[in-house]
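In: No letters, just coordinates:
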Ligand SMILES: Nc1ncnc2c1ncn2[C@@H]1O[C@H](COP(=O)(O)OP(=O)(O)OP(=O)(O)O)[C@@H](O)[C@H]1O
């Protein structure tokens, strides 16, 4: 049986000794798409930053493709095929091309030109902007650069923190369509979001509340669970479940 793309086992993550993610476990199969939902402060960014190695854990383990990476550097995790798009996602003072070159560096087995061709097929409008500072692009185009910067290295697992942040509904739909394309081409995705439109490409939803997993199951089950659904949309308290 193929190893899990990601296995998070009982991890606890704390800031100044205060745990904000508590004994959390999560599994992602190769080829799977999971969306992590949760209100502001639920712990989504904290969890993702620990998975990619930007935050230390104070308990539990993180494994990528069968290897324990709990103590590994972010660079080592990237070499194992992990790419991370933070909310910011790009270096604004660098050109679009330089951003893409940085992204491509994590996969030395693939030429930059081959990767560039792939991402320009996905985002043709970036073709005419390659030499412009990424920060001079619109919010939607910057997001395209952020995604392209991750995808150019052909990661085995793409982790994204709130790709919809700061985007108009039109661009949110475009990002969702892009993720549908990437996923149908076989990319494994773990995406933290507050926008339920992102459930369109996911098989599994994980709902976080106060650093705990409140739901982990099929998207259809989440949609059919009125209490959970209403609670997530803030209509009723999740405590009533
Ligand atoms: N650098 C930090 N130092 C101390 N506490 C932090 C820090 N970053 C986040 N926290 C706290 O950890 C908790 C989880 O925050 P986190 O940013 O992970 O939530 P989130 O679900 O990503 O929220 P949002 O959707 O608003 O980004 C919050 O209570 C937050 O105040």
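Out: Arrived safely. This is a predicted model, so every value here is computed, not measured.

In: mind listing what residue 172 touches?
Out: The neighbourhood of residue 172, defined by C-beta atoms under 8 Å, 6 or more residues apart in numbering, consists of 164, 195, 197. Yep, even glycine has a C-beta here, placed from its N, CA and C like the rest.

In: Neighbour-wise, give me the winner out of these.
Out: residue 164 (21 neighbours; other C-beta atoms under 10 Å).

In: For the closest residue to it other than its chain neighbours, what are phi and psi?
Out: Distance criterion C-beta to C-beta, 6 or more residues apart in numbering; nearest residue to residue 164, sequence neighbours excluded, is residue 195 at 4.4 Å. Main-chain torsions, residue 195, degrees, to the nearest 10: phi -90, psi 120.

In: Could you double-check that residue 195 sits in contact with residue 168?
Out: No - between residue 195 and residue 168 there is no contact under C-beta atoms under 8 Å: 11.8 Å.

In: Packing partners of the helix or strand residue 147 falls within?
Out: Assessed by DSSP states H and E, residue 147 sits inside helix 139-151. Contacts defined by 3 or more C-beta pairs under 8 Å, 6 or more residues apart in numbering; DSSP states H and E place helix 139-151 against strand 82-85, helix 96-104, helix 112-122, strand 157-161, helix 169-184.

In: I'd like to know which residues of the chain are adjacent to the ligand.
Out: 15, 20, 38, 40, 41, 42, 43, 44, 45, 46, 194 (C-beta under 6 Å from any ligand atom).

In: number of nearby residues for the first one?
Out: Residue neighbour count, defined by other C-beta under 10 Å, stands at 9 for residue 15.

In: sec struct for the closest residue to it other than its chain neighbours, please.
Out: Nearest non-adjacent residue to residue 15, counting by C-beta to C-beta, 6+ apart: residue 46, 7.9 Å away. What DSSP: H, G, I helix; E, B strand; the rest coil gives for residue 46 is helix.

In: re the thing from before, could I get the pLDDT score of the residue nearest to residue 164?
Out: For residue 195, the pLDDT comes out at 88.

In: how far out from the middle of the chain is stretch 21-28?
Out: Put simply, stretch 21-28 sits 15 Å off its chain's centre (C-alpha atoms, centre = their mean, to the nearest Å).

In: now what about it, what contacts it?
Out: 4-13, 34, 43, 46-47, 50, 59-60, 157, 188, 190, 206, 208, 211-213, 216.

In: Now do the SS call for residue 13.
Out: Going by three-state DSSP: residue 13 is strand.

In: Model confidence score at it, please.
Out: So, for residue 13, pLDDT stands at 96.

In: Figure out the helix or strand that the closest residue to it other than its chain neighbours lives in.
Out: Leaving aside its sequence neighbours, residue 13 sits nearest to residue 21 (C-beta to C-beta, 6+ apart; 4.2 Å). Using DSSP H and E, the element containing residue 21 is strand 18-28.
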